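K.L.:
Provided below for reference: sequence and predicted model.
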Amino acid sequence: MNTTELRSVLADPEHSGAYFIDARDTEAMAEAGSALDYAVLRVDLADCPDKAELMKRFAEAGGFPTWFGGNWDALADALGDLSWRPAEGYLLLVEHAYDWRAANGEDFDMLLDILNEAAFRRAEDGTAFWALLPFPAEQLAAFEG
């Protein structure tokens, strides 16, 4: 997909959500989000040991306010608000999530639910919210098999 096509897809809030992408497409997605004047937030889960650290990394990447409580409800509230990060849309790149998924299966499922719910709520307001989880190609192939 070329840059123009990526921008076209990302500009449509109706299709926002949490998606697995090929890790090789990460930079192209980030560039397309920036070209649309989206807030591009990168959350790196490399060597992330647990949910507490995941919350810390989301808070740092998103510049969450001091009221952020570091739990699932607070993450859902923060991603549903983002008033402190006004933008045309939002693109979260949750990098190295494949390792975290392997070690934290139930928590990973909860994270996906929260990311999709945030996208759904934002789409109702006409704002795009994309949570992209870059996975190595061989990991993506495992989902298809």
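P.N.:
Sure thing, it's come through. What you see is a predicted model; the values in this text were computed from it and never measured. Residues are numbered from 1 along each chain as shown.
K.L.:
what ranges do the strands span in the chain?
P.N.:
In the chain, the strands defined using DSSP state E lie at 17-22, 39-44, 89-95, 128-135.
K.L.:
which of those strands sits most buried?
P.N.:
Mean neighbour count (mean count of other Cβ atoms under 10 Å) peaks for strand 128-135 among the strands of the chain, with a mean of 24. The C-beta positions use only the backbone N, C-alpha and C, and glycine is treated the same way.
K.L.:
list the pairing partners of that one within its sheet, with orientation.
P.N.:
strand 17-22 (parallel), strand 89-95 (parallel) (DSSP bridges).
K.L.:
what about residue 96, neighbour count?
P.N.:
For residue 96, the count of nearby residues is 18 (other Cβ atoms under 10 Å).
K.L.:
I'd like the strands paired with strand 128-135 laid out as a markdown table, including mean pLDDT and distance to residue 65.
P.N.:
Below are the strands paired with strand 128-135 laid out as a markdown table (pLDDT from 0 to 100; distance: least, Cβ to Cβ, whole Å):
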| stretch | mean pLDDT | distance to residue 65 |
| --- | --- | --- |
| strand 17-22 | 94 | 23 |
| strand 89-95 | 97 | 16 |
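K.L.:
want to throw those strands into TSV with distance to residue 75?
P.N.:
What follows is the strands paired with strand 128-135, written out as TSV (distance: least, Cβ to Cβ, whole Å):
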stretch	distance to residue 75
strand 17-22	13
strand 89-95	11
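K.L.:
compare those strands and give me the one nearest residue 81.
P.N.:
strand 89-95 (11.2 Å; Cβ to Cβ).
K.L.:
chain center to that closest one: distance?
P.N.:
4 Å (Cα atoms, centre = their mean, to the nearest Å).
K.L.:
then it to CSV, C-alphas only?
P.N.:
Extracted in CSV, the C-alpha atoms of strand 89-95 (Å, rounded to 0.1, in the frame of the first residue of the first chain):
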residue,chain,number,x,y,z
GLY,A,89,-6.9,11.9,15.0
TYR,A,90,-4.8,9.4,16.9
LEU,A,91,-2.4,6.6,15.9
LEU,A,92,-1.0,4.4,18.6
LEU,A,93,1.9,2.1,17.7
VAL,A,94,2.1,-0.6,20.3
GLU,A,95,5.5,-2.0,19.5
